[in-house]
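>>> Below: sequence and its predicted model.
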Amino acid sequence: MKKLLLTSGMLLALLLSSCNAAQTPPEQETMPDPSSAVAESAFTTETSIQDVVNDPAFGEYGRLLFPTNEGYYGGETLGELELTFYSHIDPDKTVEIANSLKSRALAGETIFYDIYTDAEKAEDPAKEDTGLFFFKGEPGEKFAVCNAGGAFAYVGAMQDSFPHALELSKKGYNAFALIYRPGAQTACEDLARAITFIFEHAEELEVDTDCYSLWGGSAGARMAAWLGTYGPSAFGGGDLPQPGAVIMQYTGLSDYSAEDPPTFACVGDNDGIANWRAMQARLDALSALGVPTEFHHYPGLGHGFGLGTGTAAEGWLDLAVQFWEEQMES
């Protein structure tokens, strides 16, 4: 009898244990964290350039992150990137740009816009290598278009427009970096088309078109200045307002007029391509005509220093933004 009671007690304990187990809710399935996936696959200075180009996050436009003509850049990895005509390339900034664009794309942002239709690209295949990379800032904020140089032979965006656009977006502005066709005329036509595209899609892009700015380095600075003076309509674009400011780096452009928009310029005093005195003379002449200007030249710097991180020019972009903001208030 004692054995039977013991056995019955054990059965009862087992039944109660089973009931308690049945009432315990199952463990929740842990959902994957998209941000951790991005972190795990983040680019580094050791990442090969080709791996960035081919990353699925960038789709078909990954090839436009770097010059389409491979003869103008060197290096196998992001940390080794070299661009013809450029100096002081910051590997950490290159990595930050690639990761920022990838994170934005994986978060659902549209980071690239075609500026030509499929029909236009079929008629002129060179237009396949054009478009706007978008570094989105605050919705409803003003926009800037950044134009890299490259002697009108290629587009050095990773040093001369992507870094600027990224920094502008951090300040809340909506920044675009244009990839354009080689040649001064076609480059200006592409910039005119890009500005027109932004104006036509301003609501979708969530940008304020008032007092926009055009930025450029070297050949890209000439594009910004020419579009600023003559307007997009002179190059096949829409009949649109002048930019509120033109921001130029290291180009020896000499032509000017009283119709030029407010202009900020900077250059190194050791630039063998763009003479700083020629740049200063142009801005002095604009200033004499009543055009608001600001000029800076930096000791020891050569051509193509980009943001100038770690050089005498570091911080020039903040001064340029202040200049642009002054035009907004005037």
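Looks like it arrived, so ask away.

>>> Now residue 296. Nearest residue, chain neighbours left out?
residue 266 (4.3 Å; C-beta to C-beta, 6 or more residues apart in numbering). All C-beta atoms are positioned from the backbone trio N, CA, C, and that covers glycine.

>>> Quick one: mean pLDDT over stretch 313-329.
Across stretch 313-329, the average pLDDT comes to 98.

>>> Restrict that stretch to CA atoms and write it as PDB.
What follows is stretch 313-329 as a C-alpha-only set of coordinates in PDB (Å, rounded to 0.1, in the frame of the first residue of the first chain):
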ATOM      1  CA  ALA A 313      42.200  73.700 -45.300                       C
ATOM      2  CA  GLU A 314      40.300  71.500 -42.800                       C
ATOM      3  CA  GLY A 315      37.000  73.200 -41.900                       C
ATOM      4  CA  TRP A 316      36.700  75.100 -45.200                       C
ATOM      5  CA  LEU A 317      33.300  73.400 -45.900                       C
ATOM      6  CA  ASP A 318      31.900  74.900 -42.700                       C
ATOM      7  CA  LEU A 319      32.900  78.300 -43.900                       C
ATOM      8  CA  ALA A 320      31.300  77.600 -47.300                       C
ATOM      9  CA  VAL A 321      28.000  76.500 -45.600                       C
ATOM     10  CA  GLN A 322      28.000  79.700 -43.600                       C
ATOM     11  CA  PHE A 323      28.500  81.700 -46.800                       C
ATOM     12  CA  TRP A 324      25.500  79.900 -48.400                       C
ATOM     13  CA  GLU A 325      23.400  80.500 -45.300                       C
ATOM     14  CA  GLU A 326      24.200  84.200 -45.400                       C
ATOM     15  CA  GLN A 327      22.700  84.300 -48.900                       C
ATOM     16  CA  MET A 328      19.600  82.600 -47.700                       C
ATOM     17  CA  GLU A 329      19.100  85.400 -45.200                       C
END
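
>>> what does it contact?
Contact with stretch 313-329 is made by 142, 144, 164, 167-168, 171, 173, 211, 213, 215, 244-245, 247, 262, 264, 266, 268, 292, 294, 296, 298, 301, 305, 307-308, as judged by C-beta atoms under 8 Å, 6 or more residues apart in numbering.

>>> Please point out which parts of that stretch sit buried.
Buried positions in stretch 313-329, judged by neighbour count with 16 or more other C-beta atoms under 10 Å: 313, 316, 317, 320, 321, 323, 324, 325, 327.

>>> Kindly report the same for stretch 191-205.
Buried, per 16+ other C-beta under 10 Å, within stretch 191-205: 191, 192, 193, 194, 195, 196, 197, 198, 199, 202, 205.

>>> Excluding residues flanking it in the chain, which one is nearest the fifth one?
It refers to residue 195. residue 232 (4.9 Å).

>>> Just give me the neighbour total for the one you found.
Neighbours of residue 232 under the rule other C-beta atoms under 10 Å: 23.

>>> May I have the phi/psi pair for it?
The phi/psi pair for residue 232 (degrees, to the nearest 10) reads phi -60, psi -30.

>>> returning to what we had before: I'd like the buried residues of stretch 313-329 as JSON lines, with secondary structure and distance to residue 67 appended.
Below are the buried residues of stretch 313-329 laid out as JSON lines (DSSP: H, G, I helix; E, B strand; the rest coil; distance: C-beta to C-beta, whole Å):
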{"residue": "313", "secondary structure": "coil", "distance to residue 67": "24"}
{"residue": "316", "secondary structure": "helix", "distance to residue 67": "25"}
{"residue": "317", "secondary structure": "helix", "distance to residue 67": "23"}
{"residue": "320", "secondary structure": "helix", "distance to residue 67": "25"}
{"residue": "321", "secondary structure": "helix", "distance to residue 67": "27"}
{"residue": "323", "secondary structure": "helix", "distance to residue 67": "30"}
{"residue": "324", "secondary structure": "helix", "distance to residue 67": "28"}
{"residue": "325", "secondary structure": "helix", "distance to residue 67": "33"}
{"residue": "327", "secondary structure": "helix", "distance to residue 67": "33"}
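
>>> Check those against residue 285 and report the nearest one.
Taking C-beta to C-beta as the measure, residue 285 sits nearest to residue 323 out of the buried residues of stretch 313-329, at 17.9 Å.

>>> Okay, that closest one and residue 120: tell me how far apart.
36 Å (C-beta to C-beta, to the nearest Å).

>>> low pLDDT regions in this protein?
Along the chain, the parts satisfying pLDDT under 70 run over 1-40.

>>> Show me where it has its strands.
In the chain, the segments counted as strands under DSSP state E are 73-74, 82-83, 112-113, 131-135, 141-147, 174-179, 207-217, 245-249, 263-268, 293-298.

>>> Name the residues of the longest one that are buried.
Applying a neighbour-count criterion of 16+ other C-beta under 10 Å, the buried positions in strand 207-217 are 207, 208, 211, 212, 213, 214, 215, 216, 217.

>>> so which two of those residues are the farthest from each other?
208 and 217 (24.6 Å).

>>> Counting neighbours, what do you get for residue 184?
13.

>>> Please apply the same query to residue 78.
Neighbours of residue 78 using other C-beta under 10 Å come to 25.
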